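Undergrad: pasting the structure only:
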């Protein structure tokens, strides 16, 4: 079956949130009140996920807030304030380890259409647009099951994995420069939310 990748890319794009949550928090939200257990359970039910225990404990604390994108409820539902990158439609899918898609990415790169292979410019442009949309979908699915929990500037972000075998671990989206999503580690072990909180993500990377 032939996939309309441009339509699929548009469908996935709708999984991101560009409502009141995507902007920076207001002054009154800079030090938000902790969430209750009932609110956390409500958010989990709505989002279709179970938060890692360390993150749940963080949300219950009065000091929760700071540079971490804050979970809150708006008229549009539960989501993370300050974040427009998390794809809510992909949160319930397992976060894929980069090793699992490396070969597929190389194969996709090798299929990039070349203008010389097409009879005219229009045919080439149509093929390239479909390929580009397929690549966009591929990139979006790399962060399935993860929340963009902190914006690190220059296109970098820190991810909290909430679904799959890597649930509870922290990763760094460095695709802006190195085209890689990298695990954070501390003394040779995966970094948990508690390990990471208050640290600089770049200090926990093996580039």
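TA: Arrived safely, thanks for sending. Values in this document were obtained by computation on a predicted structure and should not be read as measured data.
Undergrad: residue 152 - that's part of a strand, no?
TA: Yes: secondary structure of residue 152 (DSSP: H, G, I helix; E, B strand; the rest coil): part of a strand.
Undergrad: tell me, how many residues neighbour it?
TA: 17 (other CB atoms under 10 Å). For glycine as for every other residue, the C-beta is placed from the backbone atoms N, C-alpha and C.
Undergrad: correct me if wrong: it contacts residue 204.
TA: No: taking contacts as CB atoms under 8 Å, residue 152 lies outside contact range of residue 204: 11.8 Å.
Undergrad: neighbouring strands - and their directions - for the lowest-mean-pLDDT helix or strand in the chain?
TA: Taking mean pLDDT, DSSP states H and E as the measure, the chain has strand 70-74 as its least confident helix or strand, at a mean of 91. Taking DSSP bridges as the criterion, strand 70-74 forms sheet pairs with strand 77-81 (antiparallel).
Undergrad: what about the strand it pairs with, distance to the chain center?
TA: Taking CA atoms, centre = their mean, to the nearest Å, the mean C-alpha location of strand 77-81 is offset from the chain mean by 14 Å.
Undergrad: helix or strand right after it?
TA: Using DSSP states H and E, the next helix or strand after strand 77-81 towards the C-terminus is helix 102-110.
Undergrad: what's in contact with that next one?
TA: Defining contact as CB atoms under 8 Å, 6 or more residues apart in numbering, one finds that helix 102-110 is touched by 131, 134-135, 138.
Undergrad: go with 7 Å
TA: By CB atoms under 7 Å, 6 or more residues apart in numbering, the residues outside helix 102-110 that reach it are 134-135, 138.
Undergrad: same check, this time on stretch 112-125
TA: Residues outside stretch 112-125 that contact it (CB under 7 Å, 6+ apart): 127-128, 131.
Undergrad: report the inter-axis angle for the longest helix along the chain versus helix 102-110.
TA: If you go by DSSP state H, the chain has its longest helix at helix 121-141. Angle of helix 121-141 versus helix 102-110, following axes from the mean of the first three to the mean of the last three CA atoms, to 10 degrees, is 160 degrees.
Undergrad: about what we covered before: buried set for the least confident helix or strand of the chain?
TA: Residues 70-72 are the ones in strand 70-74 that count as buried (16 or more other CB atoms under 10 Å).
Undergrad: what's the spacing between that strand and its chain's center?
TA: Using CA atoms, centre = their mean, the distance from the centre of strand 70-74 to the centre of the chain it belongs to is 17 Å.
Undergrad: cool, and stretch 154-166?
TA: When C-alpha coordinates are averaged (CA atoms, centre = their mean), stretch 154-166 and its chain have centres 6 Å apart.
Undergrad: okay, now it: how far is its last residue from its first?
TA: 26 Å (CA to CA, to the nearest Å).
Undergrad: now do stretch 150-159
TA: Terminal residues of stretch 150-159 lie 7 Å apart, using CA to CA.
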